[in-house]
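# Fold the following.
(chains A and B)
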Protein chains: 2
Amino acid sequence: MEKDNKKPKAILPKGFKDNIQEFIDLRNTVTETIRAVCQKFGFTELETSSIEYTDVLGKFLPDKDKPSGGVFSFQDDDDQWLSLRYDLTAPLARFVAQNYQDLVKPFKRFQSGIVWRNEKAGPGRYREFLQFDADVVGVQSTYIDAELCIMVSDIFKSLDLNFDQFQIKYSNREIWDNLFKELKITKQQEPLVLRAIDKKDRVGEEGIRNLLQKGRKDQSGDFMEGVGLDGSQTEQIINFIGNNNQSNQQLEEFKEYLSNYKNYPIKFDPSIVRGLDYYTGMVFEAELLLNVKNKKGEDVIFGSVAGGGRYDKLISRFGKEDVPATGISIGVDRLIVALQQQNLLSVNSSPLVVIANMENNQLSEYLKMADELRVSGIACEVSYGSKNLAKQLKYCDRKKANIVVIAGDSEIKDGVVSIKDLAAGKELSKKITEREEWKDSKAGQFEVKRKEFVSAIKNILDNQ
Amino acid sequence: MEKDNKKPKAILPKGFKDNIQEFIDLRNTVTETIRAVCQKFGFTELETSSIEYTDVLGKFLPDKDKPSGGVFSFQDDDDQWLSLRYDLTAPLARFVAQNYQDLVKPFKRFQSGIVWRNEKAGPGRYREFLQFDADVVGVQSTYIDAELCIMVSDIFKSLDLNFDQFQIKYSNREIWDNLFKELKITKQQEPLVLRAIDKKDRVGEEGIRNLLQKGRKDQSGDFMEGVGLDGSQTEQIINFIGNNNQSNQQLEEFKEYLSNYKNYPIKFDPSIVRGLDYYTGMVFEAELLLNVKNKKGEDVIFGSVAGGGRYDKLISRFGKEDVPATGISIGVDRLIVALQQQNLLSVNSSPLVVIANMENNQLSEYLKMADELRVSGIACEVSYGSKNLAKQLKYCDRKKANIVVIAGDSEIKDGVVSIKDLAAGKELSKKITEREEWKDSKAGQFEVKRKEFVSAIKNILDNQ
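Reported below is the predicted structural model:
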């Protein structure tokens, strides 16, 4: 098939992975739970295209005719740049601007979708991963921001997390805007200051102080340039972070809504700013307080799994007037890792029956048995490979089959089949002395009439 | 936010689309049905990465260091070419070669996944669409090919299609290989001959005759070059297509399996060859016999929705020895179009209750009501926008809400709420004379005690 003789290597590019049934089942359990909670709050599903024009994603390099290196991009036939979506928010803004007249407003949508990041891959850092976003377009009141936080809490509750296992911290960008005005922080400095504050959990107060002034060398020795603020500006910002008594109208409205949910772990934290510069009002971040081991084996808090906020100016990028909008984005893959570490996720795999291939001339009979089982709702496969029973039992074991049906010529002639209960067999085989070989043992095996074999199998599966 | 002043356009590139709830629900119904049938046959799920090395997909242009234009490709940091997957078969072959030692064999997997084609878009022709593949790796016997055809039939049955609404046609590449040897068709000519035969349904016998010899001009005036066979070769090939009495060992084995399923619409058709050159043995194609209207309004047969076959040499591309493998690929999006045209698909959307916003100071009470409904499993949203009831009723109508709950200060003081059954209201409103305005009518509206409002709502929903 190959035009040249170089054989391709059977490997994946860095940062990509294959998912097998066990993971897919866990992930479906998690996304179905999130989906169900969103639907209970009146959200409907939307699935935007995976590919967008690069300028829609806002990912062109400033003053250059090329996309940012952070997105996977390619030129179309007409030379226009296309990119794989980087998040689910920019595509939503495009969708709303494109369909504004026809949309039922408020437009409340959720979306579960892969996003792609052309970034450096590392352990646990993939270049494609699943996000689950919920957004509301067209509601100005911050009641709806509060409702998003309640909804996220209900999502965590539905995933069997307790109120002491997570918290949602919120703040408001406007109080920062006012402070910036007061301190004469320039428009160029603003995003840098916000990004420095956003690093609080990682770098601590002294780290922020350095980042706001002359810069900071991190543990790996990399130097990050400082914003260049003076000492007074810096200290006022640091005091501001620690002051929980601030408020404005949006925060008051938000708190009014929350007064109904006093037991929910949702709290004001001025240091929550979110790194992205498109946020305009309320911002929030959800973190899991679960203890997990880091790479060095130390106990650490798991940390952020969701975040979001209000982005009232994102939709007007497309030339329309401002449209109030707010949303939350959940990192599903990270959430699964956390839930797995706490053994909070389990999936019941459906049982499987294997019909052993004992005689090639009995195919027709094996197929009939398989059909009868499937009609009764039981998953079943006929073994078409080796007639060696030991090999077939090994296959059943690796495939976690529950039952194997054994029927040779003589059994079929006598109108019976042997049923081997693999779970029971394993238990019994532990008691068998080593000299008796497992493959020869009849542990967990018994004969039933051919006519009754479906009900006998149902009986075993019901009791397993 | 924009670095320059050019505002992006809110549009999607050609060949891409957004999917809304109604479509997503239909698609989930279809894929869940297919998934369930595959699981009943002992298949497990696999999800390969969406991005692969271009050479893994076999999509490098011959003798060039560039990917084919048919795939979306980009260069990684290390200059290696990556591509979005074009189908689900090449990634499966890579996965099997990569994990061969650890795989439980036979490896029976299904996968539901988006594939991307950098091809010309047109009406109904998208550049990203959903495929559902089922494959078996490690079984030499064509019993398993026959089982795939039975499984596909069971999938169609589960989607409420009758045996006279679809058919599966099969053939075998080896009988063609033998004919090619006999007729001294060269290796270069073989794929061209196969592709000509594959066009049979579109171009007819005379069309094939032209394609095999001197070429053919199609309706659009485009000329397609001929293979250059002589008249005798051509006529022998055309006779071969019409001869249903051929056989070989693989076909005999395949038919032996099918003898158990005489009523299934599965039949031998030597003209089924499948265009791709990686097929090695059995090949099959499933078509829907449903009558649909084409663009000109003429009745036509819907045609192919699934196809596949054996590709015993695809995995050895990666430097390993040949591994027997066979699979089938279902075009889910096309299948949905067909099922929709026959009204065979329906989704029950879950009911929605809206709590109208009558008084801003009653938020807390509205939230409590919403909570009570959600705890009872009923989807509910509180309206945070306009206090204008007519506007809110219009929103309910567009969002297809079932019930709206109306509670102003006086009702709350009296311990009652008004429940408006929107479905019943619509029926009644048809009888109301035009002068009475819909928004003022109390059609379908009644008062219940606040304490009993959840059970009253449940009652209405149960009877809708």
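# C-alpha from now on. contacts and neighbour counts both.
OK.
# Is residue A:285 in contact with residue A:306, as I believe?
Yes - using C-alpha atoms under 8 Å, residue A:285 is in contact with residue A:306, at 5.8 Å.
# Next SSE downstream of the helix or strand of chain A with the lowest mean pLDDT?
Here the helix or strand of chain A ranked lowest by mean pLDDT, DSSP states H and E is helix A:422-431, holding a mean of 72. Following helix A:422-431 in sequence order, the next helix or strand is strand A:445-449 (DSSP states H and E).
# How far away from the center of its chain is that following strand?
46 Å (C-alpha atoms, centre = their mean, to the nearest Å).
# Just the CA coordinates for that strand, please, in PDB.
The C-alpha trace of strand A:445-449 is given here as PDB (Å, rounded to 0.1, in the frame of the first residue of the first chain):
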ATOM      1  CA  GLN A 445     -19.800 -25.800  36.200                       C
ATOM      2  CA  PHE A 446     -23.100 -27.600  35.900                       C
ATOM      3  CA  GLU A 447     -25.300 -29.100  33.200                       C
ATOM      4  CA  VAL A 448     -28.800 -27.800  32.300                       C
ATOM      5  CA  LYS A 449     -31.400 -28.800  29.700                       C
END
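# tell me which residues in that strand are buried?
Across strand A:445-449, burial judged by 16 or more other C-alpha atoms under 10 Å in any protein chain shown covers A:445, A:447-448.
# What residues does the residue nearest to residue A:172 when sequence neighbours are not counted make contact with?
Nearest residue to residue A:172 in three dimensions, chain neighbours excluded: residue A:282, at 4.3 Å (C-alpha to C-alpha, 6 or more residues apart in numbering or on different chains). By C-alpha atoms under 8 Å, 6 or more residues apart in numbering or on different chains, the contact list for residue A:282 reads A:142, A:145, A:170-173, A:250-251, A:309-310.
# From these, pick the one nearest chain B.
Minimum distance to chain B across the contacts of residue A:282 is 9.3 Å, recorded for residue A:142 (C-alpha to the nearest C-alpha).
# Let me see the contact set for the closest one.
A:250-251, A:253-254, A:282.
# and those, which two are the farthest apart?
A:253 and A:282 (10.8 Å; C-alpha to C-alpha).
# ok, now how distant is the residue in the stretch 1-150 of chain A that chain B sits nearest to from residue B:358?
Nearest residue of the stretch 1-150 of chain A to chain B (C-alpha to the nearest C-alpha) works out as residue A:40 at 3.7 Å. With distances taken as C-alpha to C-alpha, to the nearest Å, residue A:40 is found 22 Å from residue B:358.
# So for those two, which sits in the more crowded spot?
Applying other C-alpha atoms under 10 Å in any protein chain shown to residue A:40 and residue B:358 shows that residue A:40 carries more neighbours, namely 24 against 20.
# quick one: contacts for the more buried one?
So residue A:40 contacts B:374, B:377-381 (C-alpha under 8 Å, 6+ apart).
# Of those residues, which belong to strands?
The members of those that map onto strands under DSSP state E are B:379-381.
# Strands of the stretch 251-400 of chain A, start to end?
A:266-268, A:282-293, A:299-310, A:325-331, A:352-355, A:379-382 (DSSP state E, counting those that start in this stretch).
# right, and those - which one's nearest residue B:237?
strand A:379-382 (37.6 Å).
# which helix of chain A spans the most residues?
In chain A, assigned by DSSP state H, the helix with the most residues is helix A:21-40.
# next structured bit after that one?
Scanning onward from helix A:21-40 (DSSP H and E), the first element met is strand A:44-47.
# Figure out how far that following strand is from the centre of its chain.
17 Å.
# and it, what other elements does it pack with?
Judged by 3 or more C-alpha pairs under 8 Å, 6 or more residues apart in numbering or on different chains; DSSP states H and E, the packing partners of strand A:44-47 are strand A:107-116, strand B:19-20, helix B:21-40.
# Now tabulate these in JSON lines and tack on distance to residue A:24 and mean pLDDT.
JSON lines is the format used below for the helices and strands packed on strand A:44-47 (distance: least, C-alpha to C-alpha, whole Å; pLDDT from 0 to 100):
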{"stretch": "strand A:107-116", "distance to residue A:24": "13", "mean pLDDT": "97"}
{"stretch": "strand B:19-20", "distance to residue A:24": "22", "mean pLDDT": "94"}
{"stretch": "helix B:21-40", "distance to residue A:24": "13", "mean pLDDT": "95"}
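# Please identify the deepest-packed of these.
strand A:107-116 (a mean of 21; mean count of other C-alpha atoms under 10 Å in any protein chain shown).
# Mind giving me the packing neighbours of that one?
Strand A:107-116 packs on helix A:21-40, strand A:44-47, strand A:128-137, going by 3+ C-alpha pairs under 8 Å, 6+ apart.
# if we compare the helices and strands packed on strand A:44-47, which one ends up closest to residue A:129?
strand A:107-116 (5.3 Å).
# now that closest one against helix A:21-40, angle please.
Between the axes of strand A:107-116 and helix A:21-40, defined by axes from the mean of the first three to the mean of the last three C-alpha atoms, to 10 degrees, the angle is 160 degrees.
# Read off the pLDDT value for the most centrally placed residue in chain A.
Centroid check for chain A by C-alpha atoms, centre = their mean gives residue A:332 as the closest residue, at 1.4 Å. Per-residue confidence at residue A:332 stands at 96 (pLDDT).
# In contact with it, which residues?
A:27, A:30-31, A:130-132, A:305.
# make it 7 Å
Shown in contact with residue A:332 (C-alpha atoms under 7 Å, 6 or more residues apart in numbering or on different chains): A:130-132.
# Near chain B, which residues of the stretch 201-350 of chain A are found?
Neighbours of chain B within the stretch 201-350 of chain A, by C-alpha under 7 Å from any C-alpha of the partner chain: A:260, A:317-319.
# So which residues of the stretch 201-350 of chain A form helices?
A:231-241, A:249-258, A:332-341 (DSSP state H, counting those that start in this stretch).
# okay, those helices in JSON lines with distance to residue B:205 next?
Shown next, in JSON lines, are the helices of the stretch 201-350 of chain A (distance: least, C-alpha to C-alpha, whole Å):
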{"stretch": "helix A:231-241", "distance to residue B:205": "80"}
{"stretch": "helix A:249-258", "distance to residue B:205": "73"}
{"stretch": "helix A:332-341", "distance to residue B:205": "54"}
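# what about residue A:239, how many residues close to it?
Residue A:239 has 9 nearby residues by other C-alpha under 10 Å.
# how close does it sit to residue A:208?
Distance from residue A:239 to residue A:208, by C-alpha to C-alpha: 12 Å.
# next one: residue A:153
Residue A:153 is 30 Å from residue A:208, by C-alpha to C-alpha.
# Least confident of the buried residues of strand A:445-449?
residue A:445 (89).
# Surely that residue touches residue A:421?
Yes - between residue A:445 and residue A:421 there is a contact under C-alpha atoms under 7 Å: 6.1 Å.
# domain assignment for chain A?
In the assignment given by automatic domain parsing, the structural domains of chain A cover A:21-50+A:85-185+A:229-341, A:352-463.
# coming back round to it: quick check: ChimeraX command selecting the buried ones in the contacts of residue A:332.
Listed next is the ChimeraX selection for buried residues among the contacts of residue A:332, using 16+ other C-alpha under 10 Å:
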select /A:130,131,132
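# ok, so of the contacts of residue A:332, who is nearest residue B:214?
Using C-alpha to C-alpha, the contacts of residue A:332 come closest to residue B:214 at residue A:130, 52.3 Å.
# Spatially nearest residue to that closest one, not counting backbone neighbours?
Counting by C-alpha to C-alpha, 6+ apart, residue A:130 lies nearest to residue A:114, which is 4.4 Å off, once chain neighbours are set aside.
# and the one you found, what does it touch?
Counting by C-alpha under 7 Å, 6+ apart, residue A:114 has contacts A:128-131.
# what's the neighbour count on the closest residue to chain B within the stretch 251-400 of chain A?
Using C-alpha to the nearest C-alpha, the closest approach of the stretch 251-400 of chain A to chain B is made by residue A:379 at 3.7 Å. By other C-alpha under 10 Å, 24 other residues sit near residue A:379.
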